[in-house]
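Q: only geometry, no sequence info:
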């Protein structure tokens, strides 16, 4: 094994012909599981490949569909994930696999045709332990298109590389990820006590061990966001809560961008309180003028949202633009609320309930 600058370690080299194990946690994905699986099995892999599906306790017929697909293609292997948690399912799938390279895939994502072959090339060239690309969100309804545009915008999700980065290089984390099993065995698999943000935490341990996590914008994955306002709010509240938990555990190792939504929410609460005090005459005169400063960042935020919604990135029709103006605050405030709760008391048993039910993403 070689060691590069700043103590960086090379991940073990593995011939492409050694094969890859795709791992996919699945819960209530019947509406389009078959399409997601097809994009995996159609990958141009130079060696043997297998797809391990970790099946949660679905209520929509997903398990029966997976069983049918497995009976038709020997590359599909099924493992039970009664806990339903994503990191538990990922670990079960990884342990059930037999190849030295692990490709994490998602039931509501679709891989570009050359994704795996290109990722293997990047792993070999950079000797990174984990490689990821761009998450390109997409949608069909006005609401979901707006969510997708928000995902793809630095304003929506805070500018993480995999939400729209264009420059190849080392990264904090990786979307999904193509990983060397030997490194996972060394640092440990996914932390099963973390229900959201488990990928960030794993990549933190990978980087702490001296390995590189690599971002390549040429790698593309299509992601289908939640299709309703309620599901979106639930998803972001749960994600924010678990980020708050990660801040409790790892403090300043979390990027500063994660603190923007809770600060926005606190500013909004402060503005409401001050507004009530002003309207009731409890706060008047100079004090009222000084405290009115709290409105300035909120006005700036509202203007920013309106500019984004009205502009080209807000879509083409008026429905798209209206949804964009609603989606951005929903994402930020739901995430910020979850974050504050997570920091205050920990995420505990917080679950992303947006994944429950008979349908959570649309088919094109």
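A: Done, it's in. Because the structure is a prediction, the values reported are computed rather than measured. Residues are numbered from 1 along each chain as shown.
Q: Contact partners for residue 69?
A: The neighbourhood of residue 69, defined by C-beta atoms under 8 Å, 6 or more residues apart in numbering, consists of 33, 34, 37, 76. From N, CA and C alone the C-beta is placed, and that goes for glycine too.
Q: Mind checking which of these land in helices?
A: 33, 34, 37 (DSSP state H).
Q: Please pick the buried ones from the residues you listed.
A: When neighbours are counted using 16 or more other C-beta atoms under 10 Å, the ones in helices among the contacts of residue 69 contain these buried positions: 33, 37.
Q: Go through the ones in helices among the contacts of residue 69 and name the one nearest residue 197.
A: Here the nearest of the ones in helices among the contacts of residue 69 to residue 197, counting by C-beta to C-beta, is residue 33; it sits at 24.2 Å.
Q: The closest one contacts residue 67, doesn't it?
A: No - applying C-beta atoms under 8 Å, one finds residue 33 not in contact with residue 67, separated by 11.4 Å.
Q: now residue 261, nearest residue through space, not along the chain?
A: Closest residue in space to residue 261, ignoring its immediate chain neighbours: residue 336 at 3.5 Å, by C-beta to C-beta, 6 or more residues apart in numbering.
Q: Helix or strand: which one has that neighbour?
A: helix 318-345 (DSSP states H and E).
Q: how close does residue 75 sit to residue 126?
A: As judged by C-beta to C-beta, to the nearest Å, residue 75 and residue 126 stand 28 Å apart.
Q: Give me the more crowded residue out of the two.
A: Taking neighbours as other C-beta atoms under 10 Å, residue 75 and residue 126 compare with residue 126 leading, 18 against 15.
Q: I figured that one was touching residue 214, is that so?
A: Yes - with the criterion set as C-beta under 8 Å, residue 126 and residue 214 qualify as a contacting pair; they are 5.1 Å apart.
Q: quick one, what contacts the residue nearest to residue 261?
A: Residue 336 is in contact with 240, 261, 262, 263, 264, 265, 266, counting by C-beta under 8 Å, 6+ apart.
Q: Please, a PyMOL command that selects the buried ones among those?
A: What follows is the PyMOL syntax selecting those of the contacts of residue 336 that are buried according to 16+ other C-beta under 10 Å:
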select buried, resi 240+261+262+264+265
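Q: how about the contacts of residue 336 in TSV, adding distance to residue 298 and secondary structure?
A: Conversion of the contacts of residue 336 to TSV gives the following (distance: C-beta to C-beta, whole Å; DSSP: H, G, I helix; E, B strand; the rest coil):
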residue	distance to residue 298	secondary structure
240	19	helix
261	13	helix
262	14	helix
263	11	helix
264	8	helix
265	11	helix
266	11	helix
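Q: Report how many residues lie close to residue 306.
A: Counted with other C-beta under 10 Å, the burial measure for residue 306 works out to 15 neighbours.
Q: should've said residue 247
A: Using other C-beta under 10 Å, residue 247 has 18 other residues around it.
Q: Assumed it was part of a helix.
A: Yes - counting by DSSP: H, G, I helix; E, B strand; the rest coil, residue 247 falls inside a helix.
Q: The residue nearest to residue 253 when sequence neighbours are not counted sits in which helix or strand?
A: For residue 253, ignoring the flanking residues on the chain, the nearest one in space by C-beta to C-beta, 6+ apart is residue 204 at 6.4 Å. Of the helices and strands defined by DSSP H and E, residue 204 is found in helix 198-208.
Q: That helix packs against which elements?
A: Secondary structure elements in contact with helix 198-208, counted by 3 or more C-beta pairs under 8 Å, 6 or more residues apart in numbering; DSSP states H and E, are helix 86-96, helix 181-187, strand 213-223, helix 229-250.
Q: Which of these sits closest to residue 173?
A: Of all those, strand 213-223 comes closest under C-beta to C-beta, at 6.5 Å.
Q: Name the residues of the closest one that come out as buried.
A: Residues of strand 213-223 classed as buried: 213, 214, 215, 216, 219, 220, 221, 222, 223 (neighbour count, 16+ other C-beta under 10 Å).
Q: likewise stretch 316-325?
A: In terms of neighbour count (16+ other C-beta under 10 Å), stretch 316-325 has its buried residues at 320, 321, 322, 323, 324, 325.
Q: Same question for stretch 249-259.
A: Applying a neighbour-count criterion of 16+ other C-beta under 10 Å, the buried positions in stretch 249-259 are 254, 258, 259.
Q: go on, stretch 336-348?
A: Of the residues in stretch 336-348, those buried under the neighbour-count criterion (16+ other C-beta under 10 Å) are 336, 337, 338, 339, 340, 341, 342, 343, 347.
Q: just to revisit the earlier point, with the buried residues of stretch 316-325 in mind, which one is nearest to residue 284?
A: Nearest to residue 284 among the buried residues of stretch 316-325 is residue 325, at 33.8 Å by C-beta to C-beta.
Q: any idea how far that closest one is from residue 69?
A: Computed with C-beta to C-beta, the distance linking residue 325 and residue 69 is 41 Å.
Q: give the contact list for residue 20.
A: Contacts for residue 20 were tallied using C-beta under 8 Å, 6+ apart; they are 45, 47, 48, 49, 50, 99, 101, 102, 103, 116, 120, 178.
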